[in-house]
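[1] Next comes the sequence, and after it the predicted model I'd like to discuss.
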Amino acid sequence: MDRETRTFAERYYRGLRDRVPSGGGPTPSSSVTFIQTPDAFSYADFVKGFLLPNLPCVFSSAFTEGWGSRRRWVTSEGKPDFEYLQQKYGDAVVPVANCGVREYNSNPKEHMPFRDYISYWKEYIQGGYSSPRGCLYLKDWHLCRSPFHADIFRSFSWSVNICGKKKWLFFPPGQEEALRDCHGSLPYDVTSTELLDTHLYPRTQHNSLPIEVIQEPGEMVFVPSGWHHQVYNLDDTISINHNWVNGCNLANMWHFLQQELQAVQHEVGEWKDSMPDWHHHCQVIMKSCTGINFEEFYHFLKIIAEKRLLVLRQGLKGDSGDSQSLGLGLQQAAFDIGRLADVLASVVVNPDFQRVDTSVFSPQPEELLQQLEDTVTATEAL
């Protein structure tokens, strides 16, 4: 991130401080931008055009043509190289989900050696893409339709097709509300005929059509924060996916966690007056359902803050070694510190966070916030 991009991004977020973060941005178009040439597209372009407005895009296969996985995992015909994969990774034990069985809004999972999964995959293809064992897919290498969802913690994600094709159905933040059933639950499959039942899905008539993307081999899809989506494999497909949180969507993560706690509190609200330490139990339930609670979110902020503060301290002293080892520049670290300060300022005044026992936290949340705010001031002229 350069100085001009940091200034642009900070100005953007100053304009949002009086708004509740929703993960949305400007009204998206019905199509997704396709980025053809790496040399003509910079990180600044990505920040301004997609990270800040929270919009999807597709990067051409030119961005990944140098990837070793695209050379080694794929045959000359563009199919998965089963022999290479089995030789290289056959002993790995991998989680596999059965797409043919639905448990609530997910699938049951089992673990098996990767070589056994390769054998199943070959048999599945030879059987005309059918098997008595059902349609199994390996975690993170999606071999079937992916249930309707938004990515964990409202993170950003990217997905690269090493081989094969996918169809994506995207719904901008907020549009998923029209897909909820009469009980408030989202559908497992947004193409199901069940959604035509207006008694079960009373708001579907207000639903907008999804944005459809066909992802070709080698292409990378950027999935913005809070965009619900569903994915279909159109061929035998291997993909590599990555989720991340940064300064641009940190507030979305915090907003999501507050919503998750409120949902838990609503579900167990009838026991509030009779359950000792009800607020603590809500945090425990939230962690079991979401994977994180408010205490762990603070520690997440602390770890990231300490790394960014280290980069700035070393950089301001003229020592760039640590910042290079972390893959960060001074402008990026300074921008992240500002976003961390904004989110932590909201955390420390949150009534539910104030009920968390922070007596053993080091540093104390208010102390860390002061460090961040002091650093923001010190780096304004950086």
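    Yep, it's here.
[2] Just list whatever residues bridge to the nearest residue to I152 once chain neighbours are set aside.
    Among residues not flanking I152 along the chain, N243 sits closest, at 6.1 Å (CB to CB, 6 or more residues apart in numbering). Just so you know, the C-beta spots here come from the backbone N, C-alpha and C atoms, and that holds for glycine as well. Assessed by DSSP bridges, N243 has beta-bridge partners S157.
[3] Wait, N243 touches F156, no?
    Yes. Using CB atoms under 8 Å, N243 makes contact with F156 at a distance of 7.0 Å.
[4] the more surrounded of these two?
    F156 (22 against 14; other CB atoms under 10 Å).
[5] which residues touch the closest residue to K48 other than its chain neighbours?
    Nearest non-adjacent residue to K48, counting by CB to CB, 6+ apart: F8, 6.2 Å away. Contact analysis of F8 by CB atoms under 8 Å, 6 or more residues apart in numbering lists V47, K48, L52.
[6] can I get those residues in TSV with pLDDT, distance to R133 and neighbour count?
    Output for the contacts of F8, formatted as TSV (pLDDT from 0 to 100; distance: CB to CB, whole Å; neighbours: other CB atoms under 10 Å):
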residue	pLDDT	distance to R133	neighbour count
V47	97	45	23
K48	97	48	16
L52	96	45	19
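[7] what ranges do the strands span in this structure?
    Applying DSSP state E to the chain gives strands spanning 33-35, 57-59, 93-98, 109-113, 136-138, 146-149, 156-163, 166-171, 211-215, 220-223, 228-233, 238-244.
[8] can the contacts of F8 go into CSV with extra columns for distance to T290?
    Output for the contacts of F8, formatted as CSV (distance: CB to CB, whole Å):
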residue, distance to T290
V47, 28
K48, 31
L52, 26
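[9] Burial check on the closest residue to D151 other than its chain neighbours, number of neighbours?
    Excluding its sequence neighbours, the residue lying closest to D151 (CB to CB, 6+ apart) is S157, at 4.9 Å. S157: 18 surrounding residues under other CB under 10 Å.
[10] again, but for T204
    Once other CB under 10 Å is used to define contacts, T204 is seen to have 18 neighbours.
[11] same check, this time on the one 10 residues further on
    By other CB under 10 Å, the residues close to I214 number 12.
[12] Show me how the protein divides into domains.
    The record's domain parsing of the chain by automatic domain parsing lists 26-244, 250-378.
[13] got TSV for the ones you listed, with distance to L16 too?
    Converted to TSV, those look like this (distance: least, CB to CB, whole Å):
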stretch	distance to L16
domain 26-244	10
domain 250-378	8
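[14] now Q258: how far from F361?
    19 Å (CB to CB, to the nearest Å).
[15] Likewise for H199?
    Taken as CB to CB, the span from H199 to F361 is 50 Å.
[16] Comparing the two, which residue is more hemmed in?
    The neighbour comparison of H199 against F361 (other CB under 10 Å) goes to F361, with 16 against 7.
[17] Now do the contacts for the more buried one.
    Y298.
[18] What number of residues are in the vicinity of the spatially closest residue to A345 that is not a sequence neighbour?
    Leaving out its chain neighbours, the residue that sits closest to A345 by CB to CB, 6+ apart is L369, at 6.1 Å. Neighbourhood size, L369 [other CB under 10 Å]: 20.
[19] dump the residue contacts of L369.
    A341, L344, A345, V348.
[20] Contacts only, for the second one.
    Taking CB under 8 Å, 6+ apart as the definition of contact, the neighbours of L344 are L301, A305, P365, L368, L369, L372.
[21] can you check A334 too?
    R6, L312, T375, V376, T379, L382.
[22] separation between it and Q370?
    From A334 to Q370 the distance is 17 Å (CB to CB).
[23] ok, now S31?
    Taking CB to CB, one finds S31 at 46 Å from Q370.
[24] Between the two, tell me which one has more neighbours.
    Neighbours per residue (other CB under 10 Å) separate S31 from Q370, with Q370 holding more: 14 against 10.
[25] Show me where this protein has its helices.
    3-14, 43-46, 68-72, 82-89, 114-126, 250-267, 278-290, 294-316, 321-325, 330-348, 351-354, 365-378 (DSSP state H).
[26] Put together CSV for those helices, with mean pLDDT and distance to E216 on each row.
    Below are the helices of the chain laid out as CSV (pLDDT from 0 to 100; distance: least, CB to CB, whole Å):
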stretch, mean pLDDT, distance to E216
helix 3-14, 94, 30
helix 43-46, 96, 20
helix 68-72, 95, 12
helix 82-89, 94, 21
helix 114-126, 94, 20
helix 250-267, 96, 29
helix 278-290, 95, 34
helix 294-316, 94, 35
helix 321-325, 51, 35
helix 330-348, 96, 31
helix 351-354, 98, 45
helix 365-378, 96, 43
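[27] between those, which gets nearest to P224?
    helix 250-267 (9.4 Å; CB to CB).
[28] The closest one vs strand 156-163, what angle?
    Counting by axes from the mean of the first three to the mean of the last three CA atoms, to 10 degrees, helix 250-267 points 100 degrees away from the direction of strand 156-163.
[29] Show me what counts as buried in helix 250-267.
    Within helix 250-267, the residues that qualify as buried are 250-258, 260-261, 264-265, counting by 16 or more other CB atoms under 10 Å.
[30] Equivalent analysis for stretch 56-73, please.
    Buried, per 16+ other CB under 10 Å, within stretch 56-73: P56, C57, V58, F59, S60, S61, F63, T64, R70, W73.
[31] Give me the distance from stretch 217-235 to the chain's centre.
    Distance of stretch 217-235 from the chain centroid (CA atoms, centre = their mean, to the nearest Å) equals 11 Å.
[32] Actually, stretch 147-157.
    Distance, centroid of stretch 147-157 to centroid of chain: 4 Å (CA atoms, centre = their mean).
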